[in-house]
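Undergrad: model the structure of this input:
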Amino acid sequence: MSADLSTGADASGASAAGSPGAGTRDFILPDLGEGLTEAELISWKIAVGDEVHVDQMVVEVESAKSVVELPCPYAGRISALHAAAGDTVAAGQALLTVAEAASEGEASSEGGGANLIGYGTSEPKTRSSKKRSFGTRTDANSPTSAATPPAAGEAIAPAEAGAMATEARAATDEESRISPVTSPLVRKLANDHGISAKRLAGSGPGGIVTRADVLAAIDSTTASPATAAEPVPVENVPAGTPNGLVPAGTSAASARTTENSRDTRTPITGLRKVVSERLTRSRQEIPEATIWLDVDATELLNTKRALESKTGEKYSLLSLVARFVTAGLKKYPIINSSIDTVAGEIVTHGDINLGLAAQTPRGLMVPVVHGAGEMSLRQLRDSVSETVGKASTGKFSGEELSGGTFTLNNYGVFGVDGSAPIINLPEVAMLGLGRIKDRPWAVDGELRVRKVMYLSFVFDHRACDGEEPSQFLTFVADCIENPVSLLPEL
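TA: Below is the predicted model of the structure:
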């Protein structure tokens, strides 16, 4: 990562502190890789005043890919934290400041053993003698840096001279103030509304300009108290304007911007942004088709109870269906494929890496059970159970969220019967499971109450036509209705 001018950062993800003073260093958010430029701060593991050592984990952040803990590259005492839990921090922005002792400074340059890619310690680079200062500054050569000199022979009283100097400094500070703005999103928001973010008074740590500061500036621009009370003559008001009044100097369109003051705006960032972009792309690119079947799951429930009674172990319905799915993918391998749009090829995968769509506190995620096709039922059960257990926190590593070849989506847990799910790129198919509910069902010519569920299957028409998907779905349905039928496949 190249040096960041606003912090003096080097490629190690740390910088010598510019403003805190000698013996302090800033630890900045490093380059997270894969084009990620920001992360949300989840929690601090230290507090101001704490002593830290090199490579001690100090903060937990969430990128669009995963949640990671970052090690501090310096030893010393924490003198400042520059963000709070819930804040979005841009790569290159200071996370904390460490006040180093002389011996600790030497130790920090030796490096540690807990480094991640892009994190940790490195030898500080030689910094330019040019410093960029945030906050107020006074330029001795500026025409406004001093009061206008008195005429020759004119004496100035000490009190008057002090007042003139104070007034001159205030004018200089107001004109030259440049607040630090590290987030490109904040700068873009300000620019879109014709506001210079760097001229705003920042409310964040160290005077950093935040999104809230920009929104406040936008509100003050669109609804200035000086003009809000001035009515415009009726003959000058555009037709259809409520009450025939708008603020002086504004249009009816701008007057309506404050009508929905009770609305809440939530930025689409982090994981939500990634999910939005991926699902949008999936809908735009894939000529998908959906088929479904209603299935009698009574025997599946009976088999589950018999298996648990025989072994004394617990088996989830999801793990049993996952076993049917892996058998079906081996039987119809085209379903376990992806589309390489660059090469114009269908890639049929030799390994079955089963994705499990999961709703987590972070949002929709698809953790992957790698090598599911080679697992026994007990191994698959344990892997599915471990993956589902992690969904309660959403803390999956990047590896756990990548490499899937087919996705299983159990939306029955939300109490719905069916859905037409969106395919998880770059895969070509997804199987959805609805809820199991008592329904009338014909058995041997007689109407009975059975445990019935719906299976929804969506597939990419570029990879296959309707035959293989229908055969795959029928195979899984047959296994659910008669689990013993899978024995020859084992």
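Undergrad: endpoints of stretch 361-375, how far apart?
TA: Counting by C-alpha to C-alpha, to the nearest Å, you get 29 Å between the two ends of stretch 361-375.
Undergrad: which residues sit against it?
TA: Here stretch 361-375 makes contact (C-beta atoms under 8 Å, 6 or more residues apart in numbering) with 62, 67, 270-272, 275, 322, 326, 329-330, 351-358, 380, 383-384, 387, 390-394, 396, 400-404, 407, 424. For the C-beta atoms, the positions are set from N, CA and C on the backbone; glycine is no exception.
Undergrad: list the buried ones in it?
TA: Residues 362, 364-370, 372-373, 375 are the ones in stretch 361-375 that count as buried (16 or more other C-beta atoms under 10 Å).
Undergrad: which pair in those residues spans the largest distance?
TA: 362 and 373 (28.0 Å; C-beta to C-beta).
Undergrad: among the contacts of stretch 361-375, name the buried ones.
TA: 62, 67, 270-271, 275, 322, 326, 329, 352-358, 380, 383-384, 387, 390-391, 394, 396, 400, 402, 404, 407, 424.
Undergrad: give me the subset of those lying in helices.
TA: Here DSSP state H is the test, and the buried ones among the contacts of stretch 361-375 give 270-271, 275, 322, 326, 329, 380, 383-384, 387, 390 as lying in helices.
Undergrad: and those residues as JSON lines, adding pLDDT and distance to residue 432?
TA: Below are these laid out as JSON lines (pLDDT from 0 to 100; distance: C-beta to C-beta, whole Å):
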{"residue": "270", "pLDDT": "72", "distance to residue 432": "26"}
{"residue": "271", "pLDDT": "76", "distance to residue 432": "21"}
{"residue": "275", "pLDDT": "83", "distance to residue 432": "17"}
{"residue": "322", "pLDDT": "96", "distance to residue 432": "13"}
{"residue": "326", "pLDDT": "96", "distance to residue 432": "17"}
{"residue": "329", "pLDDT": "97", "distance to residue 432": "16"}
{"residue": "380", "pLDDT": "95", "distance to residue 432": "19"}
{"residue": "383", "pLDDT": "95", "distance to residue 432": "20"}
{"residue": "384", "pLDDT": "95", "distance to residue 432": "16"}
{"residue": "387", "pLDDT": "92", "distance to residue 432": "17"}
{"residue": "390", "pLDDT": "89", "distance to residue 432": "21"}
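Undergrad: low pLDDT regions in the protein?
TA: Where the chain drops to pLDDT under 70, the residues are 1-22, 32-36, 64-65, 101-185, 188, 205-206, 222-260, 487-490.
Undergrad: which parts of it are helices?
TA: Using DSSP H, helices in the chain cover 102-108, 158-176, 184-192, 211-222, 225-228, 252-255, 270-285, 298-311, 317-331, 377-390, 467-481.
Undergrad: tell me who's in contact with residue 390.
TA: Per C-beta under 8 Å, 6+ apart, neighbours of residue 390: 367, 396, 400.
Undergrad: let me have those residues in TSV, extended by distance to residue 431.
TA: Converted to TSV, these look like this (distance: C-beta to C-beta, whole Å):
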residue	distance to residue 431
367	16
396	21
400	20
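Undergrad: burial of residue 280, as a residue count?
TA: 11 (other C-beta atoms under 10 Å).
Undergrad: for the lengthiest strand in the chain, packing partners?
TA: Longest among the strand segments of the chain by residue count, using DSSP state E, is strand 446-460. Judged by 3 or more C-beta pairs under 8 Å, 6 or more residues apart in numbering; DSSP states H and E, strand 446-460 is in contact with strand 288-296, helix 298-311, strand 429-433, strand 437-443, helix 467-481.
Undergrad: counting contacts, what elements does the shortest one pack onto?
TA: What it means is strand 429-433. helix 317-331, strand 406-410, strand 446-460, helix 467-481.
Undergrad: repeat the analysis, applying 10 Å as the threshold.
TA: Applying 3 or more C-beta pairs under 10 Å, 6 or more residues apart in numbering; DSSP states H and E, one finds that strand 429-433 contacts strand 288-296, helix 317-331, strand 406-410, strand 446-460, helix 467-481.
Undergrad: do you know which of these lies nearest residue 77?
TA: strand 406-410 (48.1 Å).
Undergrad: quick one, that closest one and strand 429-433 angle?
TA: Strand 406-410 and strand 429-433 meet at an angle of 20 degrees, taking axes from the mean of the first three to the mean of the last three C-alpha atoms, to 10 degrees as the criterion.
Undergrad: parallel or antiparallel, list what pairs with strand 406-410.
TA: strand 354-356 (parallel), strand 429-433 (parallel) (DSSP bridges).
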